[in-house]
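Peer 1: Return a 3D structure for these sequence lines:
(2 chains)
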Protein chains: 2
Amino acid sequence: MPHRIVHMLRARGSGRRPVMLAIAGDSAAGKTTLTRGLVRCLGADRMTAVCVDDYHRFDRRERAGRPFTALHPDCNHVDIMEQHLQLLSLGEPILKPVYDHGTGRLVRPELVRPRDFVIVEGLLPLHTRLARACFDITVYLDPPEPLRHAWKVRRDCANRGYTPGQVRAELARREPESAAYIRPQRRWADIVVRFAPVAGRADPPDTPLSAELLLRPTIDHPELGPVLAEAAPPGGDTAMHLRLHRDTDGRPVDALHVHGYVSPEESGPVKKAIWERLAGRADLDPAALGRYGDSGASDPLAITQLLLLYHLLDADRRQQAA
Amino acid sequence: MPHRIVHMLRARGSGRRPVMLAIAGDSAAGKTTLTRGLVRCLGADRMTAVCVDDYHRFDRRERAGRPFTALHPDCNHVDIMEQHLQLLSLGEPILKPVYDHGTGRLVRPELVRPRDFVIVEGLLPLHTRLARACFDITVYLDPPEPLRHAWKVRRDCANRGYTPGQVRAELARREPESAAYIRPQRRWADIVVRFAPVAGRADPPDTPLSAELLLRPTIDHPELGPVLAEAAPPGGDTAMHLRLHRDTDGRPVDALHVHGYVSPEESGPVKKAIWERLAGRADLDPAALGRYGDSGASDPLAITQLLLLYHLLDADRRQQAA
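Peer 2: Purely as a prediction, here's the structure:
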């Protein structure tokens, strides 16, 4: 009954559509840290953050008897997640399921109304074609596995009441499903973000992690080459560079490296240049960028977030012009 | 970003759409009794029944401090109800909220996949234009208020642990909102169903209630005139008749009366005639029709349900032919 579709669309009217950003990655890959700075910079009144790990089909007790972990698509209402992503991307509210990580139970759902910008983070936001079709910008967080394991042990022991041994056993149990369902999402990201220490350097222990950003030509990135050349110190040991190379699958990408030891003299002009591309946005708060943990500050993280802000505002601009 | 809509529709594919029937009416108006026979006759494997009274915005504790009852649209997620009705009518599953009438709490939502036929019953399914756009057939249950009050007292005391005084107080508190939001839905119904005793007759106490069905020309009803004429007893005191008259708002309607004292000789040919319009449906179970309470059997109820079955199958036929 195609008439019914027309009937509904006519009754619905139209309106501004939110800009949708996906941040996919495995458990404890740093999704929340990356998201938090963006929300603080744009303001919680303009941004909605949604975690798609709430779409569990089974609660913790029900999962116990099943042959898969919470990472498996069959363990999640993937079709409902797709539907809710479509609705959010059309500016429609959703009644989102809620999983209580403390008790491991599914509880009363909550109403989510999309604001101007919607960040969707979680394990499987890029798992299906229909889910991917809902996003303007897609990011995959790809830290080295040993680093992610250490982060997960620290977080789950501090906040979720597990022992290190329990967390390591769970990581081992999840590994086949990480390989089968989580990591394949990397190929669908416009930007692949890897925070890692630089091999072979003896920097002070509080040096932030370096960032490697793979910038795929699936969206229009700002021109960073001239800015980086100008910011480079006269000597030659640049801590930031952009290099053309082939990804693991042979596809061409630009790789932006921002090392943790970058000096403020080198990072400052680049941050300023990207910030100027966001010109006229007096409503943004740059002080919110680059923060991690309780008091950490990282230029590689700040530049990653600036780049994502650039894309969010650019997509918003293009949408309003359309 | 209209492109995104196209993108999604292309990714979604298409399929058979369910036939959607709304049964609206106030609390204890008989919605469940009417629905149950239809589900039993068509089979639970082909029919999905949804109650839209689960879309409460507040639980019982939260409602206690508010100036409206559960009948008020502001007390319900009407926009989410509209959205879910649209999705069901397009053949899409929903994650439906669940209100536990026992505890008065909102609990874990449940997955509902629409089968071939979807019956949506509740207080407000016809409240908005967009909700109404989702239905093929709309019914409003309109018993006389004293009868409905008696039904509600009996049910809420038997099943929900209230005293008669509490139920009557609640009915009084709800009356302004019934008048403002529930009863206005009557005008949007293709069929208005009123079960009531016939005034001025002294039938035995177990005589079923009579049915008055207002058949609005908003959908194509089967031609009942010739069937009724043929079934009429030679004497003249017909217990079933079809009369053209004006509704309370002046609009023309056909009014089908089926009196509770109708004889099997008179009702039989009419039931058979409607049944034959459902010809070839060996998969239907006519024995499920007309049942009420624990062991009641009613020809007026059976004929009402037969007429609704006719419309359900007719809409399904037309959709498959489209």
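
Peer 1: does the strand or helix carrying residue A:121 come close to chain B?
Peer 2: Element membership of residue A:121 [criterion: DSSP states H and E] is strand A:117-122. No. Using Cβ under 8 Å from any Cβ of the partner chain, strand A:117-122 stays clear of chain B, with a minimum separation of 12.7 Å. No exception for glycine: its C-beta is placed from N, CA and C like everyone else's.

Peer 1: For the following helix or strand past that strand, buried residues please.
Peer 2: Note on strand A:117-122: by DSSP H and E, the next helix or strand toward the C-terminus is helix A:129-132. Going by neighbour count (16 or more other Cβ atoms under 10 Å in any protein chain shown), the buried part of helix A:129-132 is A:130, A:131, A:132.

Peer 1: show me where chain A has strands.
Peer 2: If you assign secondary structure with DSSP state E, the strands in chain A sit at A:19-25, A:47-51, A:94-100, A:105-112, A:117-122, A:137-141, A:191-196, A:210-215, A:240-246, A:252-258, A:291-292, A:296-297.

Peer 1: Determine how far the last residue of stretch A:272-287 lies from the first.
Peer 2: 13 Å (Cα to Cα, to the nearest Å).

Peer 1: circling back: kindly indicate which of the buried residues of helix A:129-132 lies nearest chain B.
Peer 2: residue A:130 (4.5 Å; Cβ to the nearest Cβ).

Peer 1: same for the strand holding residue A:121, what does it pack against?
Peer 2: The contact analysis (3 or more Cβ pairs under 8 Å, 6 or more residues apart in numbering or on different chains; DSSP states H and E) places strand A:117-122 against strand A:19-25, helix A:31-42, strand A:47-51, helix A:78-89.

Peer 1: So which of the ones you listed is nearest residue A:198?
Peer 2: Smallest distance to residue A:198 across those (Cβ to Cβ): 19.4 Å, for helix A:31-42.

Peer 1: chain center to that closest one: distance?
Peer 2: When distances are taken as Cα atoms, centre = their mean, to the nearest Å, helix A:31-42 is centred 9 Å away from the chain's centroid.

Peer 1: Mean neighbour count, the strands of chain A: which tops it?
Peer 2: strand A:19-25 (a mean of 27; mean count of other Cβ atoms under 10 Å in any protein chain shown).

Peer 1: thinking again about what came up before, would you turn the buried residues of helix A:129-132 into CSV with distance to residue B:163 and pLDDT?
Peer 2: What follows is the buried residues of helix A:129-132, written out as CSV (distance: Cβ to Cβ, whole Å; pLDDT from 0 to 100):
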residue, distance to residue B:163, pLDDT
A:130, 52, 91
A:131, 51, 94
A:132, 56, 94
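
Peer 1: The residue in the stretch 201-322 of chain A positioned nearest to chain B: neighbouring residues, count only.
Peer 2: Nearest residue of the stretch 201-322 of chain A to chain B (Cβ to the nearest Cβ) works out as residue A:319 at 5.5 Å. Residue crowding around residue A:319 was assessed by other Cβ atoms under 10 Å in any protein chain shown; the count is 16.

Peer 1: same deal with residue A:287?
Peer 2: For residue A:287, using other Cβ under 10 Å, the count is 10.

Peer 1: Now do the lengthiest helix in chain A and strand A:210-215, the angle between them.
Peer 2: Across chain A, the longest stretch assigned as helix under DSSP state H is helix A:299-321. Interaxial angle of helix A:299-321 relative to strand A:210-215 (axes from the mean of the first three to the mean of the last three Cα atoms, to 10 degrees): 30 degrees.

Peer 1: before we move on, back to that, dump the helices and strands packed on strand A:117-122 into a markdown table; add distance to chain B and mean pLDDT as well.
Peer 2: Shown next, in a markdown table, are the helices and strands packed on strand A:117-122 (distance: least, Cβ to the nearest Cβ, whole Å; pLDDT from 0 to 100):
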| stretch | distance to chain B | mean pLDDT |
| --- | --- | --- |
| strand A:19-25 | 9 | 97 |
| helix A:31-42 | 19 | 93 |
| strand A:47-51 | 14 | 96 |
| helix A:78-89 | 5 | 94 |
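
Peer 1: Pretty sure the residue of the stretch 201-322 of chain A closest to chain B sits against residue A:20.
Peer 2: No. Applying Cβ atoms under 8 Å, one finds residue A:319 not in contact with residue A:20, separated by 10.5 Å.

Peer 1: ok, residue A:166 - contacts?
Peer 2: Residue A:166 sits next to residue A:156 when contact means Cβ atoms under 8 Å, 6 or more residues apart in numbering or on different chains.

Peer 1: okay, residue A:262: pLDDT?
Peer 2: On pLDDT, residue A:262 comes in at 91.

Peer 1: Then the one 3 residues further on?
Peer 2: Listed pLDDT for residue A:265 reads 87.

Peer 1: before we move on, what about residue A:2?
Peer 2: pLDDT at residue A:2 comes out at 38.

Peer 1: Perfect, I'm done here.
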